[in-house]
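In: let's see this in three dimensions:
(one chain, ligands or ions: 1)
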Amino acid sequence: MSLKARLIEHIRENGPMTVAQFMGACLYDPEDGYYATRPSIGGENADFLTAPEASQMFGELIGLWCAHEWDVLGKPAFNLIELGPGRGVLMQDMLRATRRIEGFHDASNIVLVETSAPMRDAQAERIDNAEWALRLEDAPPGASLIVANEFLDCMPIRQFFHGEDGWHEKLVGLDEADQLAFGLSTPLPAPDSEDEIGAVREIAPALDSFMYELERRLHEAPGRALFIDYGYVTPEGADTLQALKNHKKVDPIEAPGEADLTAHVDFARVAQLAETAGLTVHGPIGQGQFLRALGLELRAETLSKANPQHAERLAREVHRLTHADQMGALFKVICISSPNTPPPAGF
Ligand code: SAH
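Out: Residues are numbered from 1 along each chain as shown. Just a heads-up that it's a prediction; the model follows:
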């Protein structure tokens with residue numbers, strides 16, 4: 001039975017489900033979920049192209065950032081943790097760039113936090129000496145440097161719609177033909193607000209629980225976590241649920257499990273949760289600003305001098321990673337650190 005058929009049956013028996021339940025099933029269903037079966041990142045027929053897949057310089061700079069922050073932490077033995085490593089390209093570039101930094105590799109225990117079996121296989125092809133964990137809390141205790149690119153955007157969201165008569169939750173139910181369809185709950189017993197009629201607000205309960213785990217880790221032992229993702233600081237009232245298949249936007253409800261579903265990250269919420277928990281927050285700032293501060297242009301220049309035949313491609317990559325009309329502004333970087341850690345590089 002297809003995931004779609006199972007979802008239809010589930011709704012027929014139990015009533016409509018929240019967008020978060022739907023998104024969770026589409027991404028993580030053990031049999032037919034997108035990440036369990038057909039994640040497609042990078043390469044020609046990929047559903048989407050991420051920053052590390054677009055340019056090796058991205059991972060190189062983040063690797064050097066980690067080495068610098070390791071130095072700041074006093075060069076401890078530590079866990080070098082990546083959340084949702086995809087094909088493992090980011091970690092591979094990070095490790096290559098830091099090869100010659102004395103003591104860094106020896107001090108690091110590489111932990112890849114990944115739920116998807118096919119992704120783990122892809123990661124194992126690129127990274128030799130890693131251990132895997134299903135969740136952050138399964139990573140060994142101790143000091144840690146954590147990186148995550150396009151990880152938080154996978155956290156399933158609930159959506160709320162502001163109508164004439166107040167707030168409603170967006171739900172996934174069945175239409176007259178018994179097909180999956182978005183609909184609205186009856187008005188919620190929630191106070192009305194100034195938001196425009198038609199505005200959509202989103203919350204990500206799984207993000208909140210993830211943040212709790214992160215907070216625990218960064219309180220127990222020194223460390224930093226660097227998140228790069230697309231998202232907002234002030235909600236724009238827009239519906240940010242997006243489904244991508246072969247680089248094209250498709251209707252999220254059309255083919256459950258076959259497209260990558262994501263939502264924009266609420267960076268204000270991430271920052272607020274971390275600050276309330278007593279952690280230190282830097283950013284969010286635009287990815288362009290961050291990469292330039294870490295010396296992206298200089299890195300491109302050095303590589304271009306060594307390989308003039310690649311100069312044009314490298315310039316295109318810099319543009320793609322940093323320009324405001326590309327990944328430079330919508331993509332943001334936030335760093336969350338243990339209490340009393342000095343400011344990180346790049347902010
Ligand atoms: N960071 C990579 C891949 C981004 S796609 C890149 O930038 O190219 C999201 C990745 O996170 C995939 O590897 C997916 O399998 C993984 N993932 C999604 N949700 C997860 C979760 N809850 N826990 C662990 N890994 C998750």
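
In: near the residue nearest to residue 10 when sequence neighbours are not counted, how many other residues are there?
Out: Once flanking residues are discounted, residue 10 sits nearest to residue 17: 7.2 Å by Cβ to Cβ, 6 or more residues apart in numbering. For the C-beta atoms, the positions are set from N, CA and C on the backbone; glycine is no exception. When neighbours are defined as other Cβ atoms under 10 Å, residue 17 has 18 of them.

In: residue 17 against residue 174, yeah?
Out: No: applying Cβ atoms under 8 Å, one finds residue 17 not in contact with residue 174, separated by 10.7 Å.

In: what's next to stretch 167-176, contact-wise?
Out: 7-8, 11-12, 15-19, 21-22, 158-161, 180-188, 190, 192-193, 200-201, 253 (Cβ atoms under 8 Å, 6 or more residues apart in numbering).

In: ok so, going back, which neighbours do residue 17 and residue 174 share?
Out: With Cβ under 8 Å, 6+ apart as the test, residue 17 and residue 174 both reach residue 11.

In: one step back: out of the contacts of stretch 167-176, which are inside strands?
Out: Residues of the contacts of stretch 167-176 located in strands (DSSP state E): 17-18, 158-161, 180-184, 200-201.

In: for stretch 71-83, buried residues please.
Out: Buried residues in stretch 71-83, defined by neighbour count with 16 or more other Cβ atoms under 10 Å: 72-73, 78-83.

In: now do stretch 160-168
Out: By 16+ other Cβ under 10 Å, the buried positions in stretch 160-168 come out as 160-162, 166-168.

In: the residue nearest to residue 186 when sequence neighbours are not counted pairs with what?
Out: Of all residues beyond its chain neighbours, the one nearest residue 186 is residue 168 (7.1 Å), with distances taken as Cβ to Cβ, 6+ apart. Beta bridges link residue 168 to residue 161 when assigned by DSSP bridges.

In: phi first, then psi, for residue 52.
Out: With angles defined as degrees, to the nearest 10, residue 52 sits at phi -60, psi -30.

In: count the residues that sit near it.
Out: Residues lying near residue 52 (other Cβ under 10 Å) number 27.

In: now it. Nearest residue, chain neighbours left out?
Out: Per Cβ to Cβ, 6+ apart, closest to residue 52 is residue 90, 3.8 Å.

In: residues contacting the one you found?
Out: 52, 58-59, 62, 82, 147, 149.

In: same question for residue 270.
Out: With Cβ under 8 Å, 6+ apart, residue 270 has these contacts: 152, 207, 211, 227, 334, 336.

In: and for residue 322?
Out: So residue 322 contacts 287-288, 291-292, 296, 328 (Cβ under 8 Å, 6+ apart).

In: run the last query once more with 7 Å
Out: Residue 322 makes contact with 288, 291-292, 296, 328 under the criterion Cβ atoms under 7 Å, 6 or more residues apart in numbering.

In: thinking again about what came up before, measure the residue nearest to residue 10 to residue 34 for me?
Out: 17 Å (Cβ to Cβ, to the nearest Å).

In: near the ligand, which residues of the protein?
Out: 35, 39, 41, 50, 52-53, 84-86, 90, 113-116, 119, 149-151, 154 (Cβ under 6 Å from any ligand atom).

In: apply 5 Å and report the result again.
Out: Within the chain, the residues that sit near the ligand (Cβ under 5 Å from any ligand atom) are 35, 50, 52, 84, 86, 114-116, 119, 149-150, 154.

In: contacting residues around the helix or strand harbouring residue 27?
Out: If you go by DSSP states H and E, residue 27 is part of helix 19-28. When contacts are defined by Cβ under 7 Å, 6+ apart, helix 19-28 is touched by residues 3, 7, 33-36, 115, 154, 156-159, 170, 172, 205, 241, 256-257, 261.

In: re earlier: which members of the contacts of residue 90 are the farthest-apart pair?
Out: 58 and 82 (13.1 Å; Cβ to Cβ).

In: so residue 92 is in contact with residue 130, correct?
Out: No: in this structure, residue 92 is not within contact of residue 130 by Cβ atoms under 7 Å, at 10.5 Å.

In: re earlier: and of the buried residues of stretch 160-168, the nearest to the ligand?
Out: residue 160 (22.7 Å; Cβ to the nearest ligand atom).

In: list the residues that contact that closest one.
Out: With Cβ under 7 Å, 6+ apart, residue 160 has these contacts: 167-170, 200-201.

In: give me that answer again for 6 Å
Out: By Cβ atoms under 6 Å, 6 or more residues apart in numbering, residue 160 lies in contact with 167, 169, 201.

In: which residues touch the last one?
Out: Taking Cβ under 6 Å, 6+ apart as the criterion, residue 201 is in contact with residue 160.
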